[in-house]
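# Fold the following, please.
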Amino acid sequence: MSELKVFYDGSCPLCRREISLMRGLDKDGRIEFADVSTGEVGVGVDRAQLLARFHVREDGELKSGAEAFAAMWRAIPALRPLGLLAQRPMVLRALESAYNVFLRIRPSLQKAFRRWERAPSS
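Residues are numbered from 1 along each chain as shown. Okay, here's the model as predicted:
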């Protein structure tokens, strides 16, 4: 089994939800999660880069974007088939393209989620 460390933006409401879901699915504790919004992470990558794009370190190799998501999925038994499928070059390119679209709309989604989180519950 590979060693996997996930670097995520804990100040992002979307990221917090995603990581909460992944933690719930990671029943065997195979993944180490590191909130890069709260301090130093010591991976040789600028903190701003880690906050701007999803990263993981798998067996010592830093990966980002769709490749990072695929690595995380492979570490979770329920998502492993998706992670294996995402290793195929065509699939990985399509996922990377979709991720790049998401990154462009992420600021708007973050604003909407923050408003939703602050809205009084009825």
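# buried stuff in the helix ranked longest in the chain?
If you go by DSSP state H, the chain has its longest helix at helix 89-118. Burial within helix 89-118, assessed by neighbour count using 16 or more other CB atoms under 10 Å, is assigned to 92, 95-96, 99, 106, 110, 113. For the C-beta atoms, the positions are set from N, CA and C on the backbone; glycine is no exception.
# average model confidence for it?
Helix 89-118 comes out with an average pLDDT of 89.
# any idea how far that helix is from the chain center?
Relative to the mean C-alpha coordinate of its chain, helix 89-118 is positioned 11 Å out (CA atoms, centre = their mean, to the nearest Å).
# got it, and stretch 5-21?
With CA atoms, centre = their mean as the basis, stretch 5-21 stands 6 Å off its chain's centre.
# Keeping just the C-alphas, turn that stretch into PDB.
Taking C-alpha atoms only, stretch 5-21 is exported to PDB below (Å, rounded to 0.1, in the frame of the first residue of the first chain):
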ATOM      1  CA  LYS A   5      -0.400  12.600   2.300                       C
ATOM      2  CA  VAL A   6      -3.200  15.000   1.100                       C
ATOM      3  CA  PHE A   7      -2.600  18.800   1.200                       C
ATOM      4  CA  TYR A   8      -5.800  20.800   1.300                       C
ATOM      5  CA  ASP A   9      -7.100  24.300   1.800                       C
ATOM      6  CA  GLY A  10      -8.900  24.200   5.100                       C
ATOM      7  CA  SER A  11     -10.000  27.800   4.700                       C
ATOM      8  CA  CYS A  12     -12.100  26.700   1.600                       C
ATOM      9  CA  PRO A  13     -15.600  25.500   2.400                       C
ATOM     10  CA  LEU A  14     -15.600  23.300  -0.700                       C
ATOM     11  CA  CYS A  15     -12.300  21.700   0.300                       C
ATOM     12  CA  ARG A  16     -13.400  21.100   3.800                       C
ATOM     13  CA  ARG A  17     -16.500  19.300   2.600                       C
ATOM     14  CA  GLU A  18     -14.500  17.100   0.200                       C
ATOM     15  CA  ILE A  19     -11.900  16.200   2.800                       C
ATOM     16  CA  SER A  20     -14.600  15.500   5.400                       C
ATOM     17  CA  LEU A  21     -16.200  13.000   2.900                       C
END
